[in-house]
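Peer 1: task: produce atomic coordinates for the following.
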Amino acid sequence: MQVSPGHGVLQKAIDLAKPGDALILSSGTYTGSINIHRTLTLSGDRSSIIDGEGSSHVIKVTAPDVLIKGLSIQHSGNDYDTEDSAIFITDKGDRTVVDSNYLENNLIGVYLKGPDAAVVSNNTIIGSTFHRMNDRGNGVYLWMTPGSVVKNNDIRYGRDGIFVNYSKKNIFEGNRFRDLRFAIHYMYTLDSEVKNNISINNHVGFALMFSDRIVASGNQSIGDHERGLFFNFTNYSTIKDNRVSGGAKKCVFIYNANYNKINNNSFEGCEIGVHFTAGSQKNEIYSNSFINNRTQVKYVGTRYIEWSKEGVGNYWSDNVAFDIDANGIADQLYKPNDLVDQIVWRHPMAKLLLNSPSVKLLKWAQSEFPGLHPGGVTDSAPLMKPPEVETVIKRDLTDGYVKFSQ
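Peer 2: Modelled structure (predicted):
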């Protein structure tokens, strides 16, 4: 059924529709918030504009198996207490699909609040730039929405690109994020995947917090400011084939994260390659590349930690080593931090003394008497060349955005 633009006409068309009907929106502006309370398809093109006029949700979905496709959706309310969104999907909106829409000037882009197996795909979501960044809304917000998928979206501005809380079995794949606080932000989420996404010029790329059994693979962080990857109370997870580059303060920060497998990642050009805290235990860290980081590893603790597995360690660009038997493994172990590093981390002003005779004497004494080493990371099988990091994403920087081909 074809629908013509006007104020309130779209809600009337929804109220008159039968379950399973398709409403096709003509070009023009449809003003006023709407409630999709029965199963139907709502479609149009970029010139079909639904305008919430700054009040509450623009579209609220309270029925299952709804499809919203190809529309421009704008001007939600701006009240975080009522969670104002361009598209707000309730726990009755199971299997709703939001595909190929253009969302701009909304507080929250798409909010999945409780539906099962919803899909948010191929949308462009442009968040707000007013207020402080922490007071803005998220591009896609998920809460208690098992089995939902967010894929191939372009998300810019606002607060976090994707924020997920108290959920499980989600997949976030092939999304592009720019100019946000966090590209992807996990909280209290289980058994989920985040793969083949790219984060550019955000404060933090991929933050996995208080979450278990996450698989993060094939993601890229390029030019993020603070951290490319951040693991806080993340446990039993697999972190592989990710790339961090472009000068972040920390390529990866591991804080009280345990029993994780971190391998085949590339960490390049950061002030600190890995900041690893004493609370993290029993992680398998091997076959990664640490390339041209000002400090490869920052570990302030007294435990001895081995970063190799079954004779395979990591590649360290600053490791000047020989491989006489040509087996690809350096002939000597590698320790990325020593007693002088520990002193400088605890007392930054000590950097003024790095070229002093006393510091040189301390370094010599530690090399001659290994028992003076204060604990820390040891790689017993450092690699002579960086491993290949497999990623399906190719970059094409165009007009300040990032476009991709698979």
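Peer 1: just the helices in this structure please.
Peer 2: Taking DSSP state H, the helices of the chain run over residues 9-16, 339-346, 357-368.
Peer 1: which stretches in the stretch 301-406 of the chain count as strands?
Peer 2: 304-306, 315-316, 376-378, 394-398, 401-405 (DSSP state E, counting those that start in this stretch).
Peer 1: what pairs with the first one, parallel or antiparallel?
Peer 2: Within its sheet, and counting by DSSP bridges, strand 304-306 is paired with strand 376-378 (parallel).
Peer 1: regarding the protein, what is its longest strand?
Peer 2: Counting residues, the longest strand in the chain under DSSP state E turns out to be strand 182-195.
Peer 1: measure residue 9 to residue 53 for me?
Peer 2: 14 Å (C-beta to C-beta, to the nearest Å). All C-beta atoms are positioned from the backbone trio N, CA, C, and that covers glycine.
Peer 1: circling back: and the strands of the stretch 301-406 of the chain, which one is worst for confidence?
Peer 2: When the strands of the stretch 301-406 of the chain are ranked by mean pLDDT, strand 401-405 comes last with a mean of 39.
Peer 1: where does the stretch 151-300 of the chain dip in pLDDT?
Peer 2: Counting by pLDDT under 70, the stretch 151-300 of the chain shows low-confidence ranges at 278.
Peer 1: surely residue 100 and residue 119 touch.
Peer 2: No: look at residue 100 against residue 119 with C-beta atoms under 8 Å: they stay out of range, at 11.5 Å.
Peer 1: could you check how far the residue of the chain positioned farthest from its centre is from residue 337?
Peer 2: Within the chain, the residue lying farthest from the chain centre (C-alpha atoms, centre = their mean) is residue 357, at 45.2 Å. From residue 357 across to residue 337, the span is 22 Å (C-beta to C-beta).
Peer 1: same question for residue 22.
Peer 2: From residue 22 over to residue 337 the distance is 62 Å, taken as C-beta to C-beta.
Peer 1: more neighbours: which of these two?
Peer 2: residue 337 (22 against 13; other C-beta atoms under 10 Å).
Peer 1: run a quick neighbour tally on residue 385.
Peer 2: Residue 385 has 9 neighbours, counted by other C-beta under 10 Å.
Peer 1: who's in contact with residue 92?
Peer 2: Residues near residue 92 by C-beta atoms under 8 Å, 6 or more residues apart in numbering: 61-64, 115.
Peer 1: so which of those residues is the most crowded?
Peer 2: residue 61 (27 neighbours).
Peer 1: isn't it right up against residue 86?
Peer 2: No: the pair residue 61 / residue 86 is not scored as a contact, 11.5 Å apart, by C-beta under 8 Å.
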